[in-house]
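> make a model of this:
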Amino acid sequence: MNVYYITGASSGIGEAIAELLLEDSNNMVVGIARSRTIQHDSYKHYFIDLSTNWFETIFKKPTFKAEKIILINNAGSIGPIKPLHEHSEDEIKDNYFLNIVAPTILCKQFITTFSDSKSKCIVLNISSGAGKHPIHSWSTYCSSKSALDMLSLTADLESPNVKFYSIAPGIVDTPMQDEIRDADENHFPELNRFIGYKKDGELSSPLEVAQKYVDFLNNSTKFKEVLYSVRDL
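Sure thing, here's the model as predicted:
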């Protein structure tokens, strides 16, 4: 039996990963999201808003022998799409909390709970190409995703019994892309480029990307580095 914890499991890539994993009777999935649950005998849901000051521990050592225990930090937000000087202090704090503080806390709790486990333990952080290339009006999103990459690299050095990966999904047709296309062009000069991705059919589907993540996790021993893109897989 394998145990998967997935944040942001109520929509987009997180939901697609959860549903793919549940097709295998050898998998148990624990979702963490503020809304919607999946109806399945092998699924458990925690209704937690990871953008708030939450610190409860959700990880528990399984009562059965688990072959793999995996945390997928998928929850995230594009945040305010406008130049940094127009952000409020609360907008900055909230976006950083969801995108980097919450996954950092979850990584810490995961290591603390499972570092002495006999199971194969993996953390997969869903990063972004925006963490490697600046995009106008995405200051908190770009910087928090860059921090997620460095968190993964550092934690992988520190925790020999837990393997860390940070993998960018590419441009995916999720609710986040809806938010981007609804941005104010006066604040976001690259708006037409993102509208074009949708219009020209250049967005990957959540299911297509989720399948690549699941295939990766099923064959993770082949991958020795920490940072990847789904284009590498």
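> so who does Lys118 touch?
Neighbour list for Lys118: Lys65 [criterion: C-beta atoms under 8 Å, 6 or more residues apart in numbering]. Every C-beta, even on glycine, is put in place using the N, C-alpha and C of the backbone.
> let me see the contact set for the nearest residue to Lys82 once chain neighbours are set aside.
The shortest distance from Lys82 to any non-neighbouring residue, by C-beta to C-beta, 6 or more residues apart in numbering, is to His187 (4.0 Å). Contact partners of His187, counting by C-beta under 8 Å, 6+ apart, are 81-83, 86, 137.
> rebuild those residues as JSON lines, extending it with neighbour count and distance to Leu153.
Shown next, in JSON lines, are the contacts of His187 (neighbours: other C-beta atoms under 10 Å; distance: C-beta to C-beta, whole Å):
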{"residue": "Ile81", "neighbour count": "21", "distance to Leu153": "28"}
{"residue": "Lys82", "neighbour count": "18", "distance to Leu153": "30"}
{"residue": "Pro83", "neighbour count": "13", "distance to Leu153": "29"}
{"residue": "Glu86", "neighbour count": "10", "distance to Leu153": "32"}
{"residue": "Ser137", "neighbour count": "24", "distance to Leu153": "27"}
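> burial count for Glu91?
14 (other C-beta atoms under 10 Å).
> quick one: which helix or strand includes the residue lying closest to it once chain neighbours are set aside?
Leaving aside its chain neighbours, Glu91 sits nearest to Pro80 (4.8 Å; criterion: C-beta to C-beta, 6+ apart). Counting by DSSP states H and E, there is no helix or strand that carries Pro80.
> with Pro175 as the reference, measure out to Pro80.
Per C-beta to C-beta, to the nearest Å, Pro80 is found 16 Å from Pro175.
> looking at those two, which one has more neighbours?
The neighbour comparison of Pro80 against Pro175 (other C-beta under 10 Å) goes to Pro80, with 21 against 12.
> for Tyr141, see how far away the more buried one is.
Distance, Pro80 to Tyr141, using C-beta to C-beta: 9 Å.
> who touches both of the two?
Here Pro80 and Tyr141 have Asn95 as joint contacts, going by C-beta under 8 Å, 6+ apart.
> what residue of this protein is the furthest out?
The C-alpha centroid of the chain is most remote from Asn186, which lies 29.3 Å away (C-alpha atoms, centre = their mean).
> just to be sure, that residue is in a strand?
No. Going by DSSP: H, G, I helix; E, B strand; the rest coil, the assignment for Asn186 is coil, not a strand.
> can you check which helix is longest in the chain?
Ranked by number of residues, the top helix in the chain under DSSP state H is helix 139-158.
> for the residue nearest the centre of the chain, what are its contacts?
Centroid-nearest residue in the chain, with C-alpha atoms, centre = their mean: Asn74, separated by 1.7 Å. Contacts for Asn74 (C-beta under 8 Å, 6+ apart) come out as 6-9, 12-14, 17, 126.
> surely His40 touches Leu22?
Yes. Taking contacts as C-beta atoms under 8 Å, His40 lies within contact range of Leu22: 5.0 Å.
> common neighbours of those two, please.
Residues touching both His40 and Leu22 by C-beta under 8 Å, 6+ apart: Val29.
> what count of nearby residues applies to Met150?
Other residues close to Met150 by other C-beta under 10 Å number 14.
> oh, that last question was meant for Met176, not what I typed.
Quick note: Met176 (other C-beta under 10 Å) scores 17 neighbours.
> next one: the residue nearest to it when sequence neighbours are not counted from Gln39, what distance?
Distance criterion C-beta to C-beta, 6+ apart; nearest residue to Met176, sequence neighbours excluded, is Ile78 at 5.3 Å. Per C-beta to C-beta, Ile78 is found 29 Å from Gln39.
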